[in-house]
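A.B. asks: For reference, the sequence and a predicted model appear below.
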Amino acid sequence: MSFGGEGIPGIEPGARIISGIETDLGFIPQRFLVGGRFKVEDGARAKTIPLHTCVLCGGLILKDDEWNYEHPFPRWVHRLAGDVGEEKSAFVQLIGGVPTWRQLELAAHRVCNDLFAKYIEDRARNTIKTMVEGGFVTAQQIDFVLDWLDKIRTSAGHLATAFTGHGLSLRYEEYHFPNRRIGLFDRVAIFYRVRDYPGPLHIWECMHPGFLTTPSALAVQIKDLVILTISNNFLLSQAFGLGQTRMIDGQLSWVEGSGVIGSGFGLRRTRLEAALIVAQPMRRQLVNAGVAMTSEALSKTGDGVVFHREDGRWRRTKRLDFSKLQTMDFQLGYALAGLEMVEWLILLKEEDHKRMGSPKRNVSLNSIDELRDIKTQLLASVAASRSGIWPLESDRTFC
């Protein structure tokens, strides 16, 4: 099963900056070192940070540390997509140049890079290849892929932050880095195919501040296969009848779940009902903390069973056939993926706000209005791809 947020075996907590730098933020920002001989001009605030952070563990890369460069979107995917490593990446558009896929790399401790290759990349590689080629995949293989997607989604946020010159100064905790994020929170993956795609590899729209401040929904395209990865704390509470925390009368309180597995996500309707949707609730940290979590959706450790949507219901996964995925026109597939991501980001920001209250500096909520504007544009794009048939404006099940 997954690592459950406990970290990759062999990776120890790294040193962190705790004092000595003047800042008006109330915390010390992190700075990631871009590799690949592609020069990025960091902002004035980032230039005051004397040491770089490992993109995988979140610890500082100290003078005597052995380190190298990590490709958050790995080279084996470049090869799987057709040896695109030396091609320009539409993922990053910068004034003065566009990096190749190979140049999209950030500094990491050598030991972190080696252990992530062993425990994450090597476990997922053959399964991703099987998915792209349209073979059969088991529940255990889905679990490995969900771990890999946790790594991709989290490190993509750091990659975008670095390649935009650290324009956003964010507070980073251990769980904001792949080492602790893998398997920490509930997670969903949505799979479908597109035809007539303009390029064989892409990461869709993760440069937007709405993603960077809540890196919880991301889309990856490898050849004709599109994968949406969504993860957040208590993401699947409503779907699987699990408990969650809520702010009640100014106090963070535990609210018991119904124990009943529902037919959908509970809080919203997906825009991709015909796609293959898999889900896995992850509650190991709560079980370790002594919270009783009895549910047929969870193992004794708190790690979730892998489920998939079939005939409008969640069913325990044994084996899935990737030769039978829904296929749609690229423009429609792109618009629906964007709409799905934007709506998840809006909902998860709202839910985090309800759960944690209003912190003094809530940069996450600042992007909601812009995300709603983008949603309106995407609704229009979906309608244009459907001969003028507009989708429902609301994605919420309680509206």
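C.D. replies: Nice, thanks for sending it over. Numbering: from 1, shown residues only.
A.B. asks: what's the spacing between residue 333 and residue 153?
C.D. replies: 19 Å (C-beta to C-beta, to the nearest Å). Where you see a C-beta, it was placed from the backbone N, CA and C, and this is true even at glycine.
A.B. asks: for the residue nearest to residue 392 when sequence neighbours are not counted, what are its contacts?
C.D. replies: Leaving aside its sequence neighbours, residue 392 sits nearest to residue 269 (C-beta to C-beta, 6 or more residues apart in numbering; 7.9 Å). By C-beta atoms under 8 Å, 6 or more residues apart in numbering, the residues touching residue 269 are 392, 395, 396, 397.
A.B. asks: Ramachandran angles for residue 269?
C.D. replies: Main-chain torsions, residue 269, degrees, to the nearest 10: phi -90, psi 140.
A.B. asks: quick one: pLDDT of it?
C.D. replies: Model confidence at residue 269, given as pLDDT, is 94.
A.B. asks: which one's the longest helix in this structure?
C.D. replies: If you go by DSSP state H, the chain has its longest helix at helix 330-356.
A.B. asks: ok so, going back, highest neighbour count among the contacts of residue 269?
C.D. replies: residue 395 (21 neighbours; other C-beta atoms under 10 Å).
A.B. asks: how about the strands in the stretch 201-350 of the chain?
C.D. replies: In the stretch 201-350 of the chain, the strands defined using DSSP state E, counting those that start in this stretch lie at 201-204, 217-222, 225-232, 244-248, 251-255, 276-280, 307-310, 313-316, 319-321, 327-329.
A.B. asks: Kindly report the same for the stretch 1-150 of the chain.
C.D. replies: 52-53, 60-61, 67-70, 106-109, 136-138.
A.B. asks: Now do the residue nearest to residue 392 against residue 312, distance only.
C.D. replies: Applying C-beta to C-beta, the value for residue 269 to residue 312 is 11 Å.
A.B. asks: Then residue 89?
C.D. replies: With the distance defined as C-beta to C-beta, residue 89 ends up 38 Å from residue 312.
A.B. asks: more crowded one of these two?
C.D. replies: Comparing residue 89 with residue 312 by other C-beta under 10 Å, the one with more neighbours is residue 89, at 22 against 8.
A.B. asks: Please list all residues in contact with the more buried one.
C.D. replies: 98, 99, 100, 101, 103, 104, 201.
A.B. asks: Restricted to buried residues, select those residues in PyMOL.
C.D. replies: Here is the PyMOL command that selects only those of these that count as buried (16 or more other C-beta atoms under 10 Å):
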select buried, resi 99+100+101+103+104+201
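A.B. asks: And the helices in the stretch 151-300 of the chain?
C.D. replies: Counting by DSSP state H, counting those that start in this stretch, the stretch 151-300 of the chain has helices at residues 178-181, 209-212, 237-240, 284-288.
A.B. asks: Mind giving me the packing neighbours of the first one?
C.D. replies: Translated: helix 178-181. In terms of contacts (3 or more C-beta pairs under 8 Å, 6 or more residues apart in numbering; DSSP states H and E), helix 178-181 is packed against helix 139-163.
A.B. asks: tilt between the helix it packs on and strand 225-232?
C.D. replies: Here helix 139-163 runs at an angle of 80 degrees relative to strand 225-232 (axes from the mean of the first three to the mean of the last three C-alpha atoms, to 10 degrees).
A.B. asks: ok now helix 139-163, how far from the chain's centre?
C.D. replies: 6 Å (C-alpha atoms, centre = their mean, to the nearest Å).
A.B. asks: by contact count, what packs against it?
C.D. replies: By 3+ C-beta pairs under 8 Å, 6+ apart, helix 139-163 packs against strand 106-109, helix 122-133, helix 178-181, strand 186-195, helix 209-212, strand 217-222, strand 225-232, strand 276-280.
A.B. asks: which stretches of the stretch 1-150 of the chain form helices?
C.D. replies: Assigned by DSSP H, counting those that start in this stretch, the stretch 1-150 of the chain shows helices spanning 75-80, 110-116, 122-133, 139-163.
A.B. asks: Which one of those helices lies nearest to residue 10?
C.D. replies: Of all the helices of the stretch 1-150 of the chain, helix 110-116 sits nearest to residue 10, with 5.1 Å by C-beta to C-beta.
A.B. asks: Name the residues that touch the closest one?
C.D. replies: 8-11, 54, 56-57, 65-68, 70, 151, 178-179.
A.B. asks: For it, buried residues please.
C.D. replies: Residues of helix 110-116 classed as buried: 111, 112, 113, 115, 116 (neighbour count, 16+ other C-beta under 10 Å).
A.B. asks: Now the longest helix of the chain: average pLDDT?
C.D. replies: Helix 330-356 shows an average pLDDT of 91 in the prediction.
A.B. asks: ok and it relative to strand 217-222, angle-wise?
C.D. replies: If you take the same axes, to 10 degrees, helix 330-356 sits at 150 degrees to strand 217-222.
A.B. asks: which element follows helix 330-356 toward the C-terminus?
C.D. replies: Next in sequence after helix 330-356, counting helices and strands by DSSP states H and E, comes helix 368-385.
A.B. asks: So, low pLDDT: which residues of this protein?
C.D. replies: Segments of the chain classed as low confidence (criterion: pLDDT under 70) are 1, 17-24, 93-96, 357-363, 398-399.
A.B. asks: what's the closest non-adjacent residue to the most centrally placed residue in the chain?
C.D. replies: Among the residues of the chain, the one closest to the centroid is residue 153, at 3.2 Å (C-alpha atoms, centre = their mean). Among residues not flanking residue 153 along the chain, residue 218 sits closest, at 4.5 Å (C-beta to C-beta, 6+ apart).
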